[in-house]
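[1] how would this look folded up:
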Amino acid sequence: MRPTFATIENQDRRDIINQLKGLTLKELIKVKTFNPEAGLASRKVQKLTDTAAALFVLTQEDIRRAGITNLAEALRMVPGIQVARMNTNQWAISARGLTEHQASKLLVMIDGRTIYSPLYSDVRWDVQDLIIEDVERIEAIRGPGASLWGANAVNGIINIITKSAKNTQGNLVTTTLGKGEERAIVELRHGGQLGKDKYYRVYGKFYDHDSFSDVLEQEQQNDWQMKRGGFHIDWEISNQDAFIFQGDVYDGFIKERHLESRFQSVNSETTLRGFNLLARWQRHLTDGDMILQTYYDTAQRNRYNYDYFRGIYDIDFQHSKQFSEQHEFIWGLGFRYIHDDIENKANTIFTPDKRQDHLFSAFVQSEFMLLQESPLSKRKIGDLRLTLGSKFEHNNYTGFEIQPTARLLWRLSEIHSFWGAISRAVRTPSRAEEDIRLTIGSPETVIVIQGNPDLQSETLLAYELGYRFNLTNQFLFDMSLFYNDYNKLRTLEMVQFKPFPPPMTIVNNLNNNMSGEVYGLELSTHWQARKNWKLIATYNYLNSQLHRSPNSSDDSAESLEGSSPHNQANLRSLLSLPHQIELDTALYYVDNLSSQNVSHYTRFDVRLGWQPTKNVDISFGVRNLLDKQHLEFNAASRSGTISEISRAFYLQMKYRF
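    Next up is the predicted model:
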């Protein structure tokens, strides 16, 4: 990394450059940590201070020193992201509010492959896993990114980016033993070389998770296991061309409770399996680049109420061109084909049981340098950049959708930058919202929930402002303000009431009879307090106001107002001690969820790491040290029971050879 700094006085510039020249390689890495590079905000790699979006990047160092063993838990460290664990294998994760069991407004990707489920418009976190050490970084944007990434990138986008095979050579064995969460994790990875310019890695992983207890401290049958493996190949074809080919396969089961009726829940077992293959070709041009990516992803889930198979084929092309120093243009085309096959059981019926859907898309984005400071200028004016773009999509549910954005970035200096944005995004209906018929009840009362083929997309108009203060490798302060205006939010409306003949029957269907406003503040700081001590702090405030239409009968719709915490904060300390010892702590505060009878909680995690030799790492950690167990999200409406998150201990050893 070769940073440049433009300060008000030439002497200040020389001082900073001299400071950088005196840094060691390890210290230069810290500079990059305080101004990381990411590609999620603009489909090109750029520095945080060049980004007109609420971007936060988790590095491999952040993830490792937090003692993370699954991807969902890593997102607790991101400001503005609500992470609520429902039980051992389910999380309610959203950005900027409106958190639900099936959070529908957060788009999640792994290496550009979307893992957003088209069945229920959510992310199934139980099947999203990797060898955590192979994660290079996690890029997280709070706020809409639909102008580049399409429908469902409404409240935020997450892209989990893995390391290149070239950077994972050799062998790695990781063993984790624990109590309270994971019982055992075993990871094996081998990286090698195929010829001069080809690198590869293969891996296998076994994950065995313990059960949680309910509010009465009675252990529930909700443990789960997962086996997975995969490969990654990098081919540096030439100085201009690079090719990536990778894939994963998994197989496992989860134990859970489900509602047999309104008053009875029973144990069941769900089996899970699937695989994915992804290929990407990138060509660097003198004035831009071209990227062609394609993947195929399958998922199979056999549950008590249905067997589900789904396949997704996706192809995406993008081309960027730098017309001049003042104008860059990016455009792209995409096509997605989704096919599924559902075997209906029990009280859940999908009609039709087989379906094929197509998604066609295109996007354009232009970045203009409206004002650029001259090196000879005596007056400090900074750089002013305007970004205009839009995504155009056609889907089988709502037809044609347009999602534009306008973003303005003013870099007053390398230290101070301001940005603002206005964006539109949509969340299109899921397969279940159009085609499902769900029947639950008792001998006296039957409740029917049915999909609506006329359901419209939920829409968002978002307004954002941000400020960053970045002082080389010492200190970073990031602030974001946002106001989200929602329309056509989903509601559940009663359409028929039949008291006779018994049992009494109530028929409901889905509609778009709610609107609302969500606004808030997000803060984050990184501070290198000492050469061996780093502090990271985040805070976010959130408020929601939702309004039903006068003709709506959905009394529970506005409970979404209280499904996300008003206040969240965390403070992490990363301390490096002599003799290759690390002491890392994390303190999390999460406010109460008023509509779910979930109290506020404080979580304290501790990790002690030791590297006795170059090839061996040993870690011991405790999660949720302050509580034996606590509730994070009330999922009783789905299973009839409430899981609390246990205190957990783990011991991990990594061996490289």
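[2] just for the stretch 351-500 of the chain, where's the confidence low?
    374-380 (pLDDT under 70).
[3] where do the helices sit along it?
    All helices of the stretch 351-500 of the chain, identified by DSSP state H, counting those that start in this stretch, fall at 431-435.
[4] mind checking how far the residue nearest the centre of the chain is from residue 445?
    For the chain, the residue nearest the mean C-alpha position is residue 158 (3.4 Å; CA atoms, centre = their mean). Noted for residue 158: a distance of 40 Å to residue 445, by CB to CB, to the nearest Å. Yep, even glycine has a C-beta here, placed from its N, CA and C like the rest.
[5] Could you tell me whether the residue nearest to the centre of the chain really is in a strand?
    Yes: according to DSSP: H, G, I helix; E, B strand; the rest coil, residue 158 belongs to a strand.
[6] measure the closest residue to it other than its chain neighbours to residue 399 for me?
    Of all residues not flanking residue 158 in the chain, residue 108 sits nearest, at 4.5 Å (CB to CB, 6 or more residues apart in numbering). According to CB to CB, residue 108 and residue 399 sit 25 Å apart.
[7] Comparing these two, which shows the higher neighbour count?
    For the pair residue 108 and residue 399, the greater number of neighbours falls to residue 108 (26 against 11), based on other CB atoms under 10 Å.
[8] if I pick the more buried one, what's in contact with it?
    Contact partners of residue 108, counting by CB atoms under 8 Å, 6 or more residues apart in numbering, are 114-116, 123, 128, 157-160.
[9] cool, residue 485 as well?
    460-463, 517.
[10] Mark which of these are buried, thanks.
    Listed as buried from the contacts of residue 485 are 460, 462; burial here means 16 or more other CB atoms under 10 Å.
[11] okay if I get the contacts of residue 485 as JSON lines plus distance to residue 586?
    Below are the contacts of residue 485 laid out as JSON lines (distance: CB to CB, whole Å):
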{"residue": "460", "distance to residue 586": "31"}
{"residue": "461", "distance to residue 586": "35"}
{"residue": "462", "distance to residue 586": "30"}
{"residue": "463", "distance to residue 586": "32"}
{"residue": "517", "distance to residue 586": "32"}
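[12] Now rank the contacts of residue 108 by neighbours and give me the top one.
    Busiest of the contacts of residue 108 [other CB under 10 Å] is residue 157, holding 27 neighbours.
[13] Is it correct that that one is in contact with residue 140?
    Yes: judged on CB atoms under 8 Å, residue 157 makes contact with residue 140 at a distance of 7.5 Å.
[14] Spell out which residues are contacts of both of the two.
    Taking CB under 8 Å, 6+ apart as the contact rule, residue 157 and residue 140 both touch residue 40.
[15] Remind me what the longest strand along the chain packs against, helices and strands.
    Looking across the chain with DSSP state E, the single longest strand is strand 504-530. Strand 504-530 sits against helix 25-34, strand 445-450, strand 475-498, strand 533-548, with contacts defined as 3 or more CB pairs under 8 Å, 6 or more residues apart in numbering; DSSP states H and E.
[16] Can you say which of the ones you listed is nearest to residue 104?
    With CB to CB as the measure, strand 475-498 is the member of the helices and strands packed on strand 504-530 nearest residue 104 (8.2 Å).
[17] buried ones in the closest one?
    Buried residues in strand 475-498 (16+ other CB under 10 Å): 475-476, 478-482, 484, 486, 488-493.
[18] so where does the closest residue to residue 232 other than its chain neighbours fall, helix or strand?
    Nearest residue to residue 232, sequence neighbours excluded (CB to CB, 6+ apart): residue 246, at 4.3 Å. Element membership for residue 246, per DSSP states H and E: strand 241-261.
[19] Note down every partner strand of that strand and its orientation.
    With DSSP bridges as the test, strand 241-261 is paired with strand 224-235 (antiparallel), strand 264-285 (antiparallel).
[20] Output that strand as PDB - backbone C-alpha positions only.
    C-alpha atoms of strand 241-261 as PDB (Å, rounded to 0.1, in the frame of the first residue of the first chain):
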ATOM      1  CA  ASP A 241      -5.900 -12.000 -17.200                       C
ATOM      2  CA  ALA A 242      -6.800 -13.900 -14.000                       C
ATOM      3  CA  PHE A 243      -9.200 -16.900 -13.500                       C
ATOM      4  CA  ILE A 244     -10.700 -18.300 -10.300                       C
ATOM      5  CA  PHE A 245     -12.600 -21.600 -10.000                       C
ATOM      6  CA  GLN A 246     -14.000 -22.700  -6.600                       C
ATOM      7  CA  GLY A 247     -16.700 -24.800  -5.000                       C
ATOM      8  CA  ASP A 248     -18.100 -26.100  -1.800                       C
ATOM      9  CA  VAL A 249     -20.300 -29.100  -0.700                       C
ATOM     10  CA  TYR A 250     -22.100 -29.700   2.600                       C
ATOM     11  CA  ASP A 251     -24.200 -32.200   4.400                       C
ATOM     12  CA  GLY A 252     -25.700 -32.200   7.900                       C
ATOM     13  CA  PHE A 253     -28.700 -32.200  10.200                       C
ATOM     14  CA  ILE A 254     -30.300 -29.900  12.800                       C
ATOM     15  CA  LYS A 255     -32.700 -30.900  15.500                       C
ATOM     16  CA  GLU A 256     -35.500 -28.500  16.300                       C
ATOM     17  CA  ARG A 257     -38.900 -28.100  17.800                       C
ATOM     18  CA  HIS A 258     -41.900 -27.100  15.700                       C
ATOM     19  CA  LEU A 259     -45.500 -26.300  16.300                       C
ATOM     20  CA  GLU A 260     -47.800 -29.300  15.700                       C
ATOM     21  CA  SER A 261     -50.700 -27.100  16.600                       C
END
